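**Student:** A structural model of the following input is requested.
(chains A and B)
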Amino acid sequence: MSGAVMNSMQRVLTTLGQREPDRVPLFLMTSLQGARELGLSIADYFARADHVAEGQMRLLHKYGGDCLTALYSAAHELEAWGGEVCFATDGPPTAGAPVLRNAQAIDGLAAPRVADSPGLRRVLDTIAQLKARVGDTVPIIGVAVSPFSLPVMQLGFDAYLDLMHEQPERFERLMRVNEEFTTEWANAQLAAGATAICYFDPVSSSSIVPRELYLRTGQVVARRVLARIHGPTATHLASGRCLGILADIADTGTQIVGVSALEDLVALKAAAAGRVCLLGNLNGIAMRHWTAQQAEAEVRRAIAAGAPGGGFILCDNHGEIPWQVPDEVLQAIAEAVRRWGRYPLSGLDHPGD
Amino acid sequence: MGIPLQDPVQDFCSALTALDQRAAQGVFEQALLGHTPLQVVEGLVLPALDWIGQGWDEGSLALSQVYMSGRFCEDLVARVLPPSDPDRKRQPRSAIVTLNDHHLLGKRIVHAHMRASGFELFDYGRMGVDELVARAQADRIRVLLISVLMLPAALQVRAVRDGFDARGLPIKIAVGGAPFLFDPTLWREVGADAMGRSASDAARLVEGWMEAMA
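**Tutor:** Prediction:
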């Protein structure tokens, strides 16, 4: 593919089809930075749907990325279960204390309805506003925490690992309840105008559970849920490792996998084997200190390793760029993609050089 | 990653990473037949936890295996070496804390590894900066282990360090958690004295500081 300039939707769909679009798509996951654009605190920014829609549109025009995200925070999902969203001045909203005091509480647990959660309704409103503004020219990414990862916030991480290993029946019941919620939540976002759902599943990462446990738990849950989501999905492991389970993740029916800066992109691309598109893997934490030259070098490295043949979207490796990353670095990343990401690729170092 | 050389340690590692608590207990009790509890901790438990920590750092073992191994070992060691046992390590007054968020797993893993390694330390749970500085001063802490999950919490370690400096408290700070793994310079930036890449690093760091403070 060369010559014709594509819009963002065409660019992304082409790379998802394992073909080369006009250039490498860029997903800049600036879910927080809209607050800065609007001169608002992070708490005030997320208090109104029109704030987030306006912030995301300004960022889209500023950096020239290829997606819009309606992510507020994972904590907003916990809020639907009765949890608290804790706002910071310099980072993403985080979840308050676990909502389930102990494992016994699972026995009487019922999934909340999306319509009953003001926070989730705001997200849906944001998606609808974005859709009204960009139509089908730019992908709008909704986010749903996986049923398998949600218990980290519902129960606390240690109590959840205890449950997973020691109380298989309660674990299974919790998965079934969570699956109802995640499925409804994902489909509500698609109905509001989201193009795809980011299935946020860090606990399935090999950094958190070994493959044999993943195959008995997270993968089984993902197979059931993704089959019920009425649109394309991207599985994101929030910078956790996945090289050893990439084929297993592809078996769940997902189309995109978010990959970590801790793993080699060339090896990941080989393991993906054209079955899934890779999303990654710029190091968002290290990005805080990059110079423009370093940003360009990192973009070149990632493109050289992941982009040949398509099937690759450049992104940070966590799915959310830290508040502390300077504007100049984001500008440098965007410029480097436009310079080095044009297909047919040329002038890139061979990976590993 | 290689398996440790001695057979009992190898058997113990295999049992722990397979989450076979009964087999791990069997190896542990067999070792106790010919050695003192402290010898078993130092010759069996610590090498196993070191190996598991290294496996986590290299990506060949998962956090759930590190966590469950630490829990099993903590239980085994507590049975033969209670907190009041004089064989527990002589150490600077130490504490562990999760700074400012509700993700306590990292702290719990390190705490279990420290206890399984023969250390005792205050568990402060989850705290904000001001409360932590005041509590560490009141407890006359010399070594503080701080666990974080998110970058904003990692950056707040700087405020803890500044708080100690303002009060003239010579407290060593060791940090651990995901942000430090993704940016190996971050621990210096926030004023920590060291970072641990895995739970077993914490025991090694405190050992080193013990010698320096002796």
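
**Student:** Spit out the contact partners of residue 116.
**Tutor:** As the question left the chain open, I've gone with chain A. Shown in contact with A:D116 (Cβ atoms under 8 Å, 6 or more residues apart in numbering or on different chains): A:A80. For every residue, glycine as well, the C-beta is placed using N, CA and C.

**Student:** if you could check chain B rather than the one you did, that'd help
**Tutor:** Per Cβ under 8 Å, 6+ apart, neighbours of B:A116: B:41, B:45, B:49, B:70, B:73-74, B:76-77.

**Student:** Return the residues of the stretch 151-300 of chain A in contact with chain B.
**Tutor:** Within the stretch 151-300 of chain A, the positions adjacent to chain B are A:152, A:156-158, A:161, A:164-165, A:206-210, A:213, A:239, A:241, A:261-263, A:283-286, A:288-289 by Cβ under 8 Å from any Cβ of the partner chain.

**Student:** and the residue in the stretch 1-150 of chain A that chain B sits nearest to, how many residues sit next to it?
**Tutor:** Relative to chain B, the nearest point of the stretch 1-150 of chain A is A:G91 (3.3 Å; Cβ to the nearest Cβ). When neighbours are defined as other Cβ atoms under 10 Å in any protein chain shown, A:G91 has 22 of them.

**Student:** go on, A:V177?
**Tutor:** A:V177: 19 neighbours (other Cβ under 10 Å).

**Student:** Quick one: residues contacting it.
**Tutor:** A:106, A:109-111.

**Student:** what residues go with each domain of chain B?
**Tutor:** Domain assignment for chain B by automatic domain parsing gives B:7-80, B:94-213.

**Student:** can you put those in CSV and add distance to A:G82?
**Tutor:** Formatted as CSV, the domains of chain B follow (distance: least, Cβ to Cβ, whole Å):
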stretch, distance to A:G82
domain B:7-80, 26
domain B:94-213, 14
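
**Student:** my guess is A:L314 is in a strand, correct?
**Tutor:** Yes - assessed by DSSP: H, G, I helix; E, B strand; the rest coil, A:L314 belongs to a strand.

**Student:** returning to what we had before: now the contacts of A:V177 in a markdown table, with distance to chain B, neighbour count and pLDDT?
**Tutor:** Listed next are those as a markdown table, based on distance: Cβ to the nearest Cβ, whole Å; neighbours: other Cβ atoms under 10 Å in any protein chain shown; pLDDT from 0 to 100:
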| residue | distance to chain B | neighbour count | pLDDT |
| --- | --- | --- | --- |
| A:I106 | 19 | 22 | 98 |
| A:L109 | 19 | 17 | 98 |
| A:A110 | 23 | 9 | 98 |
| A:A111 | 22 | 18 | 98 |
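
**Student:** Neighbours of A:V5, how many?
**Tutor:** 9.

**Student:** List phi and psi for B:V175.
**Tutor:** Per-residue torsions, B:V175: phi -120, psi 160 (degrees, to the nearest 10).

**Student:** these two touch, right, it and B:A192?
**Tutor:** Yes - applying Cβ atoms under 8 Å, one finds B:V175 in contact with B:A192, separated by 4.4 Å.

**Student:** Give the intersection of the neighbour lists for those two.
**Tutor:** With Cβ under 8 Å, 6+ apart as the test, B:V175 and B:A192 both reach B:146, B:157.

**Student:** ok so, going back, out of the domains of chain B, which is closest to A:A272?
**Tutor:** domain B:7-80 (17.9 Å; Cβ to Cβ).

**Student:** Quick one: end-to-end distance for the closest one.
**Tutor:** Terminal residues of domain B:7-80 are spaced 22 Å apart (Cα to Cα, to the nearest Å).

**Student:** Would you agree A:A334 is in contact with A:L28?
**Tutor:** Yes - contact status for A:A334 versus A:L28: in contact at 7.0 Å, counting by Cβ under 8 Å.
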